[in-house]
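A.B. asks: Next come a sequence and a model predicted from it.
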Amino acid sequence: DIVMTQSPLSLPVTPGEPASISCRSSESLLHNNGYTYLDWYLQKPGQSPHLLISLASDRASGVPDRFSGSGSGTNFTLKISRVEAEDVGVYYCMQALQTVTFGQGTRLEIK
Amino acid sequence: QVQLVQSGAEVKKPGASAKVSCKASGYTFSSYYIHWVRQAPGQGLEWMGVIKPSSGGTNYGQKFQGRVTMTRDMSTSTVNMELSSLRSEDTAVYFCARGTEYFDWLGWGYWGQGTLVTVSS
């Protein structure tokens, strides 16, 4: 199985400040069709997860543009340009190149 | 609008089976894969498997092989996930989620509300 490793696991952030989450995969997530099979999800407290970013950098419909995804191969980053209180929750990266595996999750909290 | 509505919470005894349903609406049911993911209390997300509604074909996670069965009912646009030989470690919230039209395995833009399955003697 492809192992997904996120860091940090806990991320306290002051509102208005930027935040960054790293996700590394044990194998390249580049499909032979040229797309990178990496998603980012946010699970807010008490809710189902929802999609933020797909194919490493494509922001999902309705997702604020303060969220951005980047990276290739085995190294990926989710960035929030200015954190807001509503961004609290657990962020997961997910690979779908070989079945599906998730990172451990990064808990973002407001300072 | 697209909706995935799951069945209600269940309490089961060890060794029993649990069946969770996921009823789809607002789109062409046969066109999108449905994935199942679970989340134990206070833990992360764990993929269980996927079903292709148009054919009924499935792909199960290795951990669940032999214990999980995913089926679909085209007449009601419903996908079912049954987990057998339950043990306490199977206590979790179970989610269904839908893939995209072009990428069946990722871009899960729609999720069910989750179903809590509690395994307790």
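C.D. replies: Ah, there it is.

A.B. asks: those strands in chain B, which residues are they?
C.D. replies: B:3-6, B:10-12, B:18-25, B:34-39, B:46-52, B:57-60, B:68-73, B:78-83, B:92-98, B:110-111, B:115-119 (DSSP state E).

A.B. asks: Out of these, the one nearest residue B:104 is which?
C.D. replies: Closest of these to residue B:104 is strand B:46-52, at 7.4 Å (criterion: CB to CB). C-beta: built from backbone N, CA, C; applies to glycine.

A.B. asks: Please see if the closest one touches chain A.
C.D. replies: Yes. Interface with chain A: strand B:46-52 contributes B:46-47, B:50 (CB under 8 Å from any CB of the partner chain).

A.B. asks: Chain A contacts on chain B?
C.D. replies: Going by CB under 8 Å from any CB, the residues of chain B near chain A are B:35, B:44-47, B:50, B:59, B:61-62, B:95, B:97, B:100, B:103, B:105-109, B:111-114.

A.B. asks: Save the strands of chain B as JSON lines, and put in mean neighbour count and mean pLDDT too.
C.D. replies: As requested, the strands of chain B are arranged in JSON lines below (neighbours: other CB atoms under 10 Å in any protein chain shown; pLDDT from 0 to 100):
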{"stretch": "strand B:3-6", "mean neighbour count": "17", "mean pLDDT": "98"}
{"stretch": "strand B:10-12", "mean neighbour count": "15", "mean pLDDT": "98"}
{"stretch": "strand B:18-25", "mean neighbour count": "20", "mean pLDDT": "98"}
{"stretch": "strand B:34-39", "mean neighbour count": "25", "mean pLDDT": "98"}
{"stretch": "strand B:46-52", "mean neighbour count": "21", "mean pLDDT": "97"}
{"stretch": "strand B:57-60", "mean neighbour count": "15", "mean pLDDT": "98"}
{"stretch": "strand B:68-73", "mean neighbour count": "18", "mean pLDDT": "98"}
{"stretch": "strand B:78-83", "mean neighbour count": "22", "mean pLDDT": "98"}
{"stretch": "strand B:92-98", "mean neighbour count": "24", "mean pLDDT": "98"}
{"stretch": "strand B:110-111", "mean neighbour count": "22", "mean pLDDT": "98"}
{"stretch": "strand B:115-119", "mean neighbour count": "18", "mean pLDDT": "98"}
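
A.B. asks: I'd guessed residue B:2 sits against residue B:97; true?
C.D. replies: No. Using CB atoms under 8 Å, residue B:2 is not in contact with residue B:97, being 11.4 Å away.

A.B. asks: residues shared between the contacts of those two?
C.D. replies: Common contacts of residue B:2 and residue B:97 (CB atoms under 8 Å, 6 or more residues apart in numbering or on different chains): residue B:110.

A.B. asks: returning to that earlier point: chain A: which of the residues of strand B:46-52 next to chain A is nearest?
C.D. replies: Nearest to chain A among the residues of strand B:46-52 next to chain A, counting by CB to the nearest CB, is residue B:47 at 3.9 Å.

A.B. asks: circling back: a markdown table please, covering the strands of chain B and showing distance to residue A:82.
C.D. replies: A markdown table is the format used below for the strands of chain B (distance: least, CB to CB, whole Å):
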| stretch | distance to residue A:82 |
| --- | --- |
| strand B:3-6 | 32 |
| strand B:10-12 | 42 |
| strand B:18-25 | 36 |
| strand B:34-39 | 29 |
| strand B:46-52 | 32 |
| strand B:57-60 | 40 |
| strand B:68-73 | 41 |
| strand B:78-83 | 39 |
| strand B:92-98 | 29 |
| strand B:110-111 | 26 |
| strand B:115-119 | 35 |
